[in-house]
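Chemist: Predicted model follows, preceded by the sequence.
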Amino acid sequence: MLRQRTLRTVAKPLEFVRIVADDREMAGGVVAELRAREDVVLEVRRLTMGDFLVEDRFAVERKTVSDFAVSVVDGRLFKQAAALAHDRQRGILVLEGTGPSDGFGVSREALQGALVTVGVFFGLAVLRARDPAETARLLVYLGRQSRSYAGGCFSRPGYRPKGQRTRQLFILQGLPGVGPERAERLLEHFGSVPAVFTTSKEALTAVEGIGPVVAARIRSVLEGKADRPE
């Protein structure tokens, strides 16, 4: 008589993802989603950069569609993007939601221009999520996939300037009409990249080589406006 073999299913151990959430994100819904997951080790504390820190490698700024539109208007977006670009972690922007952005005085073209500035000029990865649940899943996917790279090497494609000042100049040269010399003058005059991105058109013209036309183009790109300089 043949004995029946009992097949044992060996449970695969959970691969925990370490995520730190800023304590100001408690009401956003993402923290609750992360807490409900068995594969997340979650810590809540005040972060100086971003809304979430994934595996101590990625600083993630989460914005709903409405908050993104408002941050373009009040200038917060570019300040935050500049700070993330200089942080030791890789900066990522998660744009959450599918609702309309109208009602905030920002056109679709302006929002697209802001996304181009954040993704191309600042070098931040831009991810989309439908709701807080999907944002939570994105954070977990990010943590898991980061481990698939051997040796923990995370390189951005293309040119990677080394040194803080070199990176600052590299960012500034992404502005219209700004080459190496003008980037040097801007950084010397204002002292930092965020200061350049938040200054007025009139203040820009105080820098040698930055005339009214170039200053207007710079502000137009940073503010996402389609208006032509007078």
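Modeler: Yep, it's here. Residues are numbered from 1 along each chain as shown.

Chemist: Which strands or helices does the helix or strand of the chain with the lowest mean pLDDT pack on?
Modeler: Ranked by mean pLDDT, DSSP states H and E, the weakest helix or strand in the chain is helix 164-172, scoring a mean of 81. With contacts defined as 3 or more C-beta pairs under 8 Å, 6 or more residues apart in numbering; DSSP states H and E, helix 164-172 has these neighbours: helix 76-86, helix 180-190, helix 193-198. Where you see a C-beta, it was placed from the backbone N, CA and C, and this is true even at glycine.

Chemist: would you turn the ones you listed into TSV with mean neighbour count and mean pLDDT?
Modeler: TSV is the format used below for the helices and strands packed on helix 164-172 (neighbours: other C-beta atoms under 10 Å; pLDDT from 0 to 100):
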stretch	mean neighbour count	mean pLDDT
helix 76-86	21	87
helix 180-190	17	89
helix 193-198	20	84
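
Chemist: now the ones you listed in TSV, with distance to Ala36?
Modeler: Output for the helices and strands packed on helix 164-172, formatted as TSV (distance: least, C-beta to C-beta, whole Å):
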stretch	distance to Ala36
helix 76-86	27
helix 180-190	45
helix 193-198	36
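
Chemist: for the closest residue to Ala59 other than its chain neighbours, helix, strand, or coil?
Modeler: Nearest non-adjacent residue to Ala59, counting by C-beta to C-beta, 6 or more residues apart in numbering: Gly50, 3.7 Å away. Using DSSP: H, G, I helix; E, B strand; the rest coil, the structure places Gly50 in coil.

Chemist: about what we covered before: how far away from the center of its chain is the least confident helix or strand of the chain?
Modeler: In terms of C-alpha atoms, centre = their mean, to the nearest Å, the centre of helix 164-172 is found 17 Å from the chain centre.
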